[in-house]
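In: the following comprises the amino acid sequence and a computationally predicted model.
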Amino acid sequence: MAEEKAIRYDLAVAHRLTAKYGMDMLVWNHISARYRTGCLITPGRKMWGQINPEDLVYSSSNVTADVIHDAVYSARPDIKAIIHLHTPAATAISCLEEGFQPIIQEGACFYGKVANYDWNGLSDDVSEGPAIAAAIKAVEGCNTLLMHNHGFVCFGPSVRHAWVLAYYFEKCCEIQLRVMQSGGKLRRPNKA
């Protein structure tokens, strides 16, 4: 019971922080944490800034959430939490052929750890799950899935870890877009 209470608290805080930083899509998108044989997940019926621990549900009424989260958990049994967002900068980056480029210091944790997935419309078909899982498995140590023309998914050993990854992924994408808008020649960091 104490474990569930702690997970619910962390999930509620993650939802509220996502709203506070303007990274939510009202009632859409989702955050989950493994619990027992399933997961606790976003209820899908409440504004993120108002989500409390008791609002988290064991099963989503959102087919897209089920498809994405089930695929990530099956691909990475070590993962304990997932956050899927459509933030402005990361979604813009997901629409670019070059995709995400870890060009700043904060992007170091994403270097060689971002998988790409050619999204095909609404993720509402369970048959898409194996393709999502395969994209994640193809990148050793993957912590982020960039879904082309859609958004992104970050995952890690805890809700807190996954949320911090999502926060920094959006920040890195914002900087990448600003650098691109500058028209200047991009200086890529050494791969050391």
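Out: Now that the structure is in, tell me what you want to look at.
In: note down every partner strand of the helix or strand hosting Leu146 and its orientation.
Out: According to DSSP states H and E, Leu146 maps onto strand 144-147. Strand pairing for strand 144-147, using DSSP bridges, gives strand 114-117 (parallel), strand 151-156 (antiparallel).
In: using PDB, list the CA coordinates for the last one.
Out: As requested, C-alpha coordinates have been extracted for strand 151-156 and formatted as PDB (Å, rounded to 0.1, in the frame of the first residue of the first chain):
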ATOM      1  CA  GLY A 151       5.600  13.800 -30.300                       C
ATOM      2  CA  PHE A 152       7.900  11.900 -28.000                       C
ATOM      3  CA  VAL A 153       8.100   9.300 -25.200                       C
ATOM      4  CA  CYS A 154      10.600   9.400 -22.300                       C
ATOM      5  CA  PHE A 155      11.000   6.500 -19.900                       C
ATOM      6  CA  GLY A 156      13.200   5.500 -17.000                       C
END
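In: quick check: mean pLDDT across it?
Out: Average pLDDT, strand 151-156: 97.
In: contacts for the helix or strand that that strand is followed by?
Out: Moving toward the C-terminus from strand 151-156, the first helix or strand encountered (DSSP H and E) is helix 159-182. Applying CB atoms under 8 Å, 6 or more residues apart in numbering, the contact partners of helix 159-182 are 7, 10-11, 13-14, 17-18, 21, 23, 31, 33, 80-83, 85, 87, 89-90, 92-93, 100-104, 106-107, 109-110, 143-144, 152, 154-156, 186. C-betas here are computed from N, CA, C, even on glycine.
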